[in-house]
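> Structure for the following, please:
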Amino acid sequence: MGLEESADSRRRFLAYFSSVGLSSTLFPGVLWAQAQENPAPKITLDMIKSAEKIAGLEFTDAERELLIDGVNQSLERSLRLREIPLANSVPSCLRFSPILSGMKFDMTRRPLRMGKVPVVKRPANLEDAAFWPVTQLSQLIKTRQVTSVELTEMYLARLKRYDDKLKFVITFTDALALEQAKKADAEIAAGHYRGPLHGIPWGAKDLISKKGYKTTWGAAPYKDQSFDYDATIVTRLEEAGAVLVAKLTSGELAGGDTWFGGQTKNPWNPAEGSSGSSAGPASATGAGCVGFAIGTETGGSIVGPSTRCGVYGMRPTYGRVSRYGVMTLAWSLDKAGPLCRSVEDCALVLHALQGPDDKDLTVTDIPFNWDAAAVDIRKLRVGYVKAAFDEPRATKEETQNDAAAIEKLRSMGVTLKPIEFPMGPIRDLLAVMYTEFSAAFDDLTRSNRDDLLARQGRGSDANLYRTNRFVPAVDYIQGTRLRTLLMEEMAKTMSDVDVYLAPISSGGGRAPRAPGTPAPAAGGNSLVGLNTTLTNLTGHPSIVVRNGFHANGQPTSFTFTGKVYGEAEMLALANAYQTATEWHLKHPDLA
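Residues are numbered from 1 along each chain as shown. Model (predicted):
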């Protein structure tokens, strides 16, 4: 190679690494000579160490060893994403919205109409009502057979009794709860009944701020922090008359089921974790220790724990519920939603939470109207991801239960159409969007307080925050544009259906993971996991619905996904399926 050709190769080599966010000043002559010997560009530990100086960071040798594979995987992902042609007209979505040009929505506001109100009678032992859904608990309170104080004291007692076993509470809010319960009882006695959430005890994932109480984010660096304001979620539920009994566990910084106090457990099998960061809300709801709970999701943190713990968890459309006062993990992905013991409970809670607050500017004013009898499910266009249902599953029960659920819906007069959802670099794209994590916790990484996080392995969030600092800004922007194309493809898929079904795996029929072992990454390695990843990127709503049990007694579930802001149709179909089955009536034995 001549001198001119060698110099040109060196310039192109350095230009390449500059394009992925590593300055050419990172390469002394020795590194250039070493790199020439490699057939493909690869980031080395020395390059990382040099890049840290440019970026003003300082990692330990152990941390560099942990992140080297992730950095090179990020490089590989970027290379794959760059192979996709992008017209200049493809826009970015820096303030993300799931609404695309041409989408139309019903803007008429209608009153809340529940399904047939059940006739309930107070059990001799109030704890026999611990697993009742809100639709039934609310009737006990409305008819004044039970006071909110009694219900609150019962749930507080259960939370305290099972917390050592399940590790689902970070902070009890006894004084606040009893004050709110007494207020609810006084209002109801005076004839001022606010609605079905009035007097119902609930739990908040500890990413949600309540003034006067700690909001720890499940992470040791923040375990003593508190905020002097209420999250909009808290305000809205207080306006509905609900009673906050506890701040429930979040996996640290909304990752996994491990927090600074340990691992939150699955009430159906306390030997395993409850999966995903809405760990406490799912576990406490599944264990009959709250009336309902609120969780958050970025890449599967409502869907995963709801599946594992057998509860009805709903991820609303992105932009449906305000995140003001809720910890940010990823601005364009974070969503908050209910975890309940019935589908209609999710509808009742969403009705209370929905709508703009002039604080979270991503929230729209598109109304959510719930009328349990308004939708004829036989007229809905319903799809199912046949290829995903046909995939080999973790247990035979998952396959059998999914097939039985599909046949049950058909027997109810629902016509199911096989569909294929958009394919492409979906997991790579989500990984690029996870760059927002690093921005959200920039100070934690720069200050090295990330060393205080409980999980430090390759799959930990601490390592993810470090790794994603090496994703180039240009590739993040290109990722947002590719995300627009993905949304457009998803809109084409949804143009032929109102709701579609997809399988999901809880892993509950297999040997449990050891405490501290991270859950599988969002998306997994199959179409089964890909659906959760895809719909988080596109902002579509989804609800987890129980459809049977494994041989070991742990629940199985599948998901219903609706159109953007199409929760009403999605919930109507899910509610009809739940009503026609009895899976929701079984609960874990916590003895």
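
> Double-check that Ile294 belongs to a strand.
Yes - assessed with DSSP: H, G, I helix; E, B strand; the rest coil, Ile294 lies in a strand.

> Which pLDDT value goes with it?
Per-residue confidence (pLDDT) for Ile294: 98.

> Around it, how many other residues sit close by?
Residues near Ile294, counting by other CB atoms under 10 Å, number 30. From N, CA and C alone the C-beta is placed, and that goes for glycine too.

> Tell me the pLDDT of Ser460.
pLDDT for Ser460: 80.

> just the one 5 residues further on next, same as before
Listed pLDDT for Tyr465 reads 83.

> got the contact list for it?
For Tyr465, the contact set (CB atoms under 8 Å, 6 or more residues apart in numbering) comprises Phe437, Ser438, Phe441, Leu444, Thr445, Asp450.

> before we move on, what about Lys386?
Applying CB under 8 Å, 6+ apart to Lys386 gives the contacts Pro418, Ile419.

> so who does Ala220 touch?
Listed by CB under 8 Å, 6+ apart, the contact set of Ala220 reads Glu252, Phe260, Leu452, Leu453, Ala454.

> surely the first one meets Lys223?
Pointing back at Glu252 there. No - applying CB atoms under 8 Å as the test, Glu252 and Lys223 come out as separate, 9.8 Å apart.

> So those two - more neighbours on which side?
Shown here are Glu252 and Lys223; by other CB under 10 Å, Glu252 has more neighbours (28 against 18).

> where's that one relative to Tyr318, distance?
Per CB to CB, to the nearest Å, Glu252 is found 24 Å from Tyr318.

> now Asp451
Distance from Asp451 to Tyr318, counting by CB to CB: 33 Å.

> So for those two, which sits in the more crowded spot?
Tyr318 (28 against 14).

> pretty sure the more buried one is in a strand, no?
No - counting by three-state DSSP, Tyr318 is located in no strand; its state is coil.

> Is it in contact with Arg95, as I believe?
No - counting by CB under 8 Å, Tyr318 stays clear of Arg95, with 11.2 Å between them.

> can you list residues touching both of the two?
Residues touching both Tyr318 and Arg95 (CB under 8 Å, 6+ apart) are Thr362.

> C-terminal to the helix or strand of the chain with the lowest mean pLDDT, what's the next element?
Ranking every helix and strand in the chain by mean pLDDT, DSSP states H and E puts helix 29-36 at the bottom, with a mean of 38. Counting by DSSP states H and E, the next helix or strand C-terminal to helix 29-36 is helix 45-55.

> Quick one: name whatever helix or strand follows that next one.
helix 61-82.

> now the angle from that next one to helix 45-55?
90 degrees (axes from the mean of the first three to the mean of the last three CA atoms, to 10 degrees).

> starting at the chain centroid, how far to the helix or strand following helix 61-82?
Next in sequence after helix 61-82, counting helices and strands by DSSP H and E, comes helix 134-142. In terms of CA atoms, centre = their mean, to the nearest Å, the centre of helix 134-142 is set 28 Å apart from its chain centre.

> From the contact counts, what lies against the very next helix or strand once past helix 134-142?
Proceeding N to C from helix 134-142, the next assigned helix or strand is helix 148-166, under DSSP H and E. If you count contacts as 3 or more CB pairs under 8 Å, 6 or more residues apart in numbering; DSSP states H and E, helix 148-166 packs onto helix 134-142, strand 169-172, helix 174-189, strand 201-205, strand 243-248, helix 279-286.
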